[in-house]
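1. No sequence on hand, only this structure:
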């Protein structure tokens, strides 16, 4: 299961943020901030680029806002003609970002761009959105369905779809978390993922269905299920765990949703520190098969995928506190481990000891 050369995400046509011209877009977006005068509700509290934005709505309360989609995971749903789980992913990708500013998600909106709307297809998508909302304890208060047959195409005729959501959360302004209090010596705790969640699917499909020549309905012993079933596993929702920690006012200094860019997401926090990860638990076998099948370098794997950890919580290194965090995770059916510690490093690098990699900016390179 190998191919000539090493498979790289860029080779699949997916560009990184610098190549996307994101700064050109943000140059205009940031010019809108003065449209809300000082003292008016709507002042931004958390900068663009963090997991969620927070705006001041008065009376000491902040509104957390974020948006994200399911990406090309929808193509796997089309291959299997199974649409009842991607709604869970849509909710998860948003609510898991909202909690990273200390917010409790409360409401959700969805946007479905579709090639041909049918009751059966929309009903299955709705089923997943309902389950995701139940798990996250949010209400879906509205949305939009847009039929765009000329624009939206997919793996099966008439079934092209794009699924995007937006989460709204609330957080007292004096409890907004951006990682400003993180200190060297703090423990980095990782909560397990159940697979690749909703990132890196273009590379995953190229490796498993292309280079490895696996069929979408082929059973893989390491997975204990078919390729399609493995790839469609819904993204874990970490809301219950995080909200419990915050409600109990435990000293959680930062939360990081590990999505695209992998552990490089840790560097988003607002502290000039580094992160040494030297106790990573075993990862789901899907990552090893992707790496072997596509001859993907370790640096690229850690840049693209979560590699078995879906959420990180940074807390003071206190044994009793660590046990409390682990117990809270277990109460919500999840598993938390100490995976490393915060270190002194003005460059905000991420050190992966076992893999021999160091991450800075948007890349991992050999140490």
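-> Cool, the structure landed. Keep in mind the model is a prediction, meaning the values are calculated, not measured.

2. Every contact and neighbour count from this point should use C-alpha atoms.
-> Will do.

3. ranges for the strands of the stretch 251-367 of the chain?
-> Counting by DSSP state E, counting those that start in this stretch, the stretch 251-367 of the chain has strands at residues 254-257, 273-277, 309-315, 336-344, 350-352, 357-360, 363-366.

4. other SSEs contacting the shortest one?
-> When you say that, I think you mean strand 350-352. Counting contacts by 3 or more Cα pairs under 8 Å, 6 or more residues apart in numbering; DSSP states H and E, strand 350-352 packs against strand 273-277, strand 357-360.

5. tell me the domain boundaries of the protein?
-> Domains of the chain are assigned by automatic domain parsing as 37-175, 187-366.

6. Would you convert those into TSV that also reports mean pLDDT, mean neighbour count and distance to residue 25?
-> Converted to TSV, the domains of the chain look like this (pLDDT from 0 to 100; neighbours: other Cα atoms under 10 Å; distance: least, Cα to Cα, whole Å):
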stretch	mean pLDDT	mean neighbour count	distance to residue 25
domain 37-175	95	20	12
domain 187-366	96	20	19
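
7. Including distance to residue 24, could the ones you listed go into CSV?
-> Shown next, in CSV, are the domains of the chain (distance: least, Cα to Cα, whole Å):
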stretch, distance to residue 24
domain 37-175, 14
domain 187-366, 18
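
8. The nearest residue to residue 137 once chain neighbours are set aside is in what secondary structure piece?
-> The shortest distance from residue 137 to any non-neighbouring residue, by Cα to Cα, 6 or more residues apart in numbering, is to residue 106 (7.1 Å). According to DSSP states H and E, residue 106 maps onto strand 104-114.

9. Can you say which of the strands of the stretch 251-367 of the chain is nearest to residue 209?
-> Of all the strands of the stretch 251-367 of the chain, it is strand 309-315 that lies closest to residue 209, at 24.0 Å by Cα to Cα.

10. Parallel or antiparallel, list what pairs with that closest one.
-> Next to strand 309-315 in the sheet, as set by DSSP bridges, lie strand 187-192 (antiparallel), strand 254-257 (antiparallel).

11. what comes into contact with the last one?
-> The list of residues contacting strand 254-257 from outside it, by Cα atoms under 8 Å, 6 or more residues apart in numbering, reads 51, 96-97, 99-101, 177-179, 182, 265-266, 269, 310-315.

12. gap between it and the chain center?
-> Remark: strand 254-257 is offset 10 Å from the chain centroid, using Cα atoms, centre = their mean, to the nearest Å.

13. so what's residue 56 bridging to?
-> Judged by DSSP bridges, the bridge partners of residue 56 are residue 43, residue 62.
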